[in-house]
Each structure stands twice: as C-alpha cells, then as structure tokens.
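K.L.:
Need a 3D model of the sequence below.
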Amino acid sequence: MKMALQKIVAPVLGEIGYFTQAFPFFGGERRGAVVSGYLRFSTDKITTHSFITEPDISISFDERIPFDAVTAGLPAGKFLLLNTALPARYAQAAMDRKVYTLNAKDISVSHGIAKPEDPFPLINSAMAGAFFKLFEYITGRTVPDELTRRIFEGALPVKTDENFLAFSDAKRLVQPLAASETPGEYPVSLFRVTQPNGLCTKCRLCYIFCSKRAISLTDSEVHIINEAKCNLCGVCIKLCPRNAISFETSEREDTR
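P.N.:
Numbers count the residues shown, from 1 in each chain. Just a heads-up that it's a prediction; the model follows:
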C-alpha cells in the first residue's frame, strides 16, 4: 500500500500537473497488521495536513480488513475499490456507493510477482492500475502509458515489465459492481485464523509475538486464539515452525 501510494500513484499524478500529499499511518503492530494510507491530489496547492475523514475514494487492499473499517466515513455516492475474489458478496454496498472490484492477487500471480500460497501477496502495481482506471473515469483525463512505464522503471527496477503488465491488466479488468448482481449479503470477514492443531509443539512463539494478545495458554499450555481480539495480521502463521496455524475461509456473513 505504501509503495502504491508514494512510489507509483503520487509521482504519476505529480507528472500530469497535480499537487499531491501521500502518507501511510502505522500503528504499534508488527508486520502484517492493518495499515492505513492517505492520498490527496489537487490542481491547487494543498494546505491541509491531516488524516482524511470523508474520502472520495476508499480502497481496500485485503478482504481480511473489516468491511466497516474500509467504509468508515465514506459518504453515499462516493467510490469504493475492493480487491476481492468474490465481488458478488459486496453487492449491498453498491446500493449507495459506486463500487469497483478486481482480483489483484490473481493478476500479480499471473505475472510472477506473487505466489498463490503467499498470505500477503505483492499487489501494489495492480491496485495502482485499478485506481488510475477510476481516476480516468472520474476526471476524464488519460494517463499516458509511457509515463507510468517510466515511473515503474524508477520505483520498481526489479520485475519492471511484470509490474507494468499487472498495472495495465488491472486497468483493463477492474469492473463496476451492480447492486442487482446478488442478494444483499456481504461478509464481515472472509478469513479466520485456525486454532493451533496437533502439530503444535507449545513453543510459545505465537503467544509471545501476538501484538493483540489474542493468544492465551491453558494450564496444560494448549494455545487458544481469541477470534474477537485477532486482527488477522498473520504473524503467528509466519512464526509457527510446524505450520500448526493457518488462514481459512470464513462463512460468517452479515445480512444487514
């Protein structure tokens, strides 16, 4: 997300005459926790220096981020861009917002940027491409391919061709979502972390490094994950030497 905002989107906008302000916001969590980022762009000089509380576009890079957090402050009629393999589940959101979706992970995997098994795949190029498709739709301005290619050469000297192709594919494949496509149901979370299975050796690594203190130990040192506290950062999965913990698809749905 930081790469997409600061190394791709903001420089391209600057090259075509916009003033920009792009910055991420990190909490105290370790790698894999939810991170927010903010981008302002204007033809006039930007004098505001604060978080954006009512965005014109809200973008979710990961379905594991709670949906309410993605849409917080987003007024009706504004744009929502979602990276999802299951776009139909979000049809209810399209009733009062302009929702666009793409499967950024599949795009990145198809160009060798990410691997299918990656819990946190590199999707910056694809998400930047999807953003610029919305930008062109909203503003009527076309961003030249040669400009974005030059920005990629500077920002991503490794796999430049692959990242530019992912960017281009995302611009082509991002699609609007109609409220009529499905019944009005969308997930609270499409993922959950499994409880440690029989491979667990009780090494305590997940317990020690969980930033949300979502893992507790019983008297017999069985590791228990509290799903209400878990923020799906994936640190426990990365650290587990026996692969005793994993992500799995959740069937929990909110039928508001």
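
K.L.:
Show me the helices in the chain, by range?
P.N.:
Ranges of helices in the chain, per DSSP state H, are 2-3, 10-15, 67-71, 104-110, 124-139, 145-155, 160-173, 205-209, 235-239.

K.L.:
Specify the angle between the fifth one and helix 145-155 in degrees.
P.N.:
This points to helix 124-139. Angle of helix 124-139 versus helix 145-155, following axes from the mean of the first three to the mean of the last three Cα atoms, to 10 degrees, is 140 degrees.

K.L.:
Contacts for helix 124-139, please.
P.N.:
With Cβ atoms under 8 Å, 6 or more residues apart in numbering as the test, helix 124-139 has contacts from 1, 3-4, 7-9, 12, 57, 59, 61, 79, 81, 83, 100, 102, 104, 107-108, 113, 141-143, 148, 152, 156, 163-164, 166-171, 174. C-beta here means a position set from N, CA and C on the backbone, and glycine is covered the same way.

K.L.:
got the CA positions of it in CSV?
P.N.:
Extracted in CSV, the C-alpha atoms of helix 124-139 (Å, rounded to 0.1, in the frame of the first residue of the first chain):
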residue,chain,number,x,y,z
ASN,A,124,0.7,-2.7,-5.3
SER,A,125,1.0,-2.5,-9.1
ALA,A,126,-2.4,-4.0,-9.7
MET,A,127,-4.1,-1.8,-7.2
ALA,A,128,-2.4,1.3,-8.7
GLY,A,129,-3.7,0.3,-12.1
ALA,A,130,-7.2,-0.1,-10.7
PHE,A,131,-7.0,3.4,-9.1
PHE,A,132,-6.0,5.0,-12.3
LYS,A,133,-8.9,3.5,-14.2
LEU,A,134,-11.2,5.2,-11.7
PHE,A,135,-9.1,8.4,-11.9
GLU,A,136,-9.6,8.4,-15.7
TYR,A,137,-13.3,7.7,-15.3
ILE,A,138,-13.8,10.5,-12.7
THR,A,139,-11.6,13.2,-14.2
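
K.L.:
quick check: angle from it to helix 160-173?
P.N.:
Using the same axes, to 10 degrees: helix 124-139 against helix 160-173 is 40 degrees.

K.L.:
quick revisit: could the helices of the chain go into a markdown table alongside mean neighbour count, distance to residue 25 and mean pLDDT?
P.N.:
Putting those into a markdown table (neighbours: other Cβ atoms under 10 Å; distance: least, Cβ to Cβ, whole Å; pLDDT from 0 to 100) gives the following:
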| stretch | mean neighbour count | distance to residue 25 | mean pLDDT |
| --- | --- | --- | --- |
| helix 2-3 | 16 | 10 | 78 |
| helix 10-15 | 19 | 15 | 94 |
| helix 67-71 | 15 | 13 | 86 |
| helix 104-110 | 23 | 21 | 92 |
| helix 124-139 | 23 | 17 | 94 |
| helix 145-155 | 16 | 21 | 93 |
| helix 160-173 | 20 | 24 | 94 |
| helix 205-209 | 16 | 22 | 89 |
| helix 235-239 | 18 | 19 | 83 |
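
K.L.:
Using TSV, lay out those helices together with distance to residue 21.
P.N.:
TSV is the format used below for the helices of the chain (distance: least, Cβ to Cβ, whole Å):
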stretch	distance to residue 21
helix 2-3	14
helix 10-15	8
helix 67-71	21
helix 104-110	24
helix 124-139	15
helix 145-155	18
helix 160-173	22
helix 205-209	34
helix 235-239	31
